[in-house]
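Participant: Only the shape, not the letters, is given here:
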């Protein structure tokens, strides 16, 4: 139970106690990242249905995307911004890590955040009504599964440590496999072949992104985890928006 609560405290802003989580609990909480994503997805799906009852599709999509950002306190979006600033600087590895450590957001960070929000809103609005709830459900599941994959398959890039070091002891291929099975089950169970296609696309995008992280900085950091989460959240809405045209 403690690792589950630790996962909720780390990944959401839910008031589930204020005490600091011990490293062992944080490490053990990796197993619960995808289920927490499912919980977030169910809540966002319900909120979107309420919004759709009173608003047109586009404003409802804006509200839903903002809710998904707010529920994590903007943690992953902040990581995306820092990663964009560092990777977009075209500097050596050490300088990239230094830029990412800076809490100030630069031009590339602003562009990345705006682009991520616009892509999510635009494609969610374009998803057929019959697949809209499924897309919303899969977004946070994909994002939290991406966190597990990155921690399992990449080494930590900062020798001095950081936020993500609390999870290093438990990131393993077993956890990565569990996250993949969970995502595939959610995709197939909610959207059938479209959900399976979304899961495959998510895995492909994350595999490419992890290769970039390995080449650019030698592994992952807390910021690149946030970027992984945001990228993975975009993929399901893109796939499900395009699915009717692809499937014929």
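Facilitator: Structure's in. What do you need? Computed from a prediction, not measured in an experiment: that's the story for all the values here.
Participant: which is the next helix or strand following the helix or strand of the chain with the lowest mean pLDDT?
Facilitator: Scoring the helices and strands of the chain by mean pLDDT, DSSP states H and E places helix 23-28 at the bottom, with a mean of 67. Next along the chain after helix 23-28, taking DSSP states H and E as the criterion, comes helix 33-54.
Participant: Touching that next one from outside, list them.
Facilitator: 4, 7-8, 11-12, 59-61, 63-64, 67-68, 71-72, 132-133, 136-145, 147-148, 178-179, 182-183, 186 (CB atoms under 8 Å, 6 or more residues apart in numbering). Any C-beta I mention is one placed from the backbone N, CA and C, and that applies to glycine too.
Participant: which SS class is the residue nearest to residue 187 when sequence neighbours are not counted?
Facilitator: Leaving out its chain neighbours, the residue that sits closest to residue 187 by CB to CB, 6 or more residues apart in numbering is residue 195, at 3.0 Å. Following DSSP: H, G, I helix; E, B strand; the rest coil, the label given to residue 195 is helix.
Participant: Can you list the low-confidence ranges for the protein?
Facilitator: Where the chain drops to pLDDT under 70, the residues are 17-25, 160-171.
Participant: one more time with 90, if that's ok
Facilitator: Applying pLDDT under 90 to the chain flags residues 1-7, 9-10, 14-29, 89-91, 102-104, 155-174, 246-248.
Participant: Where do the helices of it begin and end?
Facilitator: For the chain, the helices defined by DSSP state H cover 2-11, 23-28, 33-54, 57-70, 75-87, 93-101, 107-126, 129-153, 173-217, 222-247.
Participant: Burial check on the nearest residue in space to residue 89 that is not next to it in sequence, number of neighbours?
Facilitator: Distance criterion CB to CB, 6+ apart; nearest residue to residue 89, sequence neighbours excluded, is residue 99 at 5.5 Å. As a burial measure, residue 99 scores 21 neighbours (other CB atoms under 10 Å).
Participant: Tell me who's in contact with residue 99.
Facilitator: By CB under 8 Å, 6+ apart, residue 99 lies in contact with 82, 85-86, 89, 91, 106.
Participant: Quick check: it vs residue 195, distance?
Facilitator: For residue 99, the distance to residue 195 (CB to CB, to the nearest Å) stands at 37 Å.
Participant: And for residue 84?
Facilitator: 29 Å.
Participant: just to revisit the earlier point, could you flag which of the contacts of helix 33-54 are buried?
Facilitator: Among the contacts of helix 33-54, the ones that count as buried by 16 or more other CB atoms under 10 Å are 4, 7-8, 11-12, 60-61, 63-64, 67-68, 71-72, 132-133, 136-145, 147-148, 178-179, 182-183, 186.
Participant: how about the closest residue to residue 238 other than its chain neighbours, what does it touch?
Facilitator: Nearest residue to residue 238 in three dimensions, chain neighbours excluded: residue 123, at 5.1 Å (CB to CB, 6+ apart). Residues near residue 123 by CB under 8 Å, 6+ apart: 234, 237-238, 241.
Participant: Could you dump those residues into JSON lines with neighbour count and distance to residue 29 added?
Facilitator: Compiled in JSON lines, the contacts of residue 123 are given as follows (neighbours: other CB atoms under 10 Å; distance: CB to CB, whole Å):
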{"residue": "234", "neighbour count": "21", "distance to residue 29": "25"}
{"residue": "237", "neighbour count": "28", "distance to residue 29": "27"}
{"residue": "238", "neighbour count": "20", "distance to residue 29": "29"}
{"residue": "241", "neighbour count": "19", "distance to residue 29": "32"}
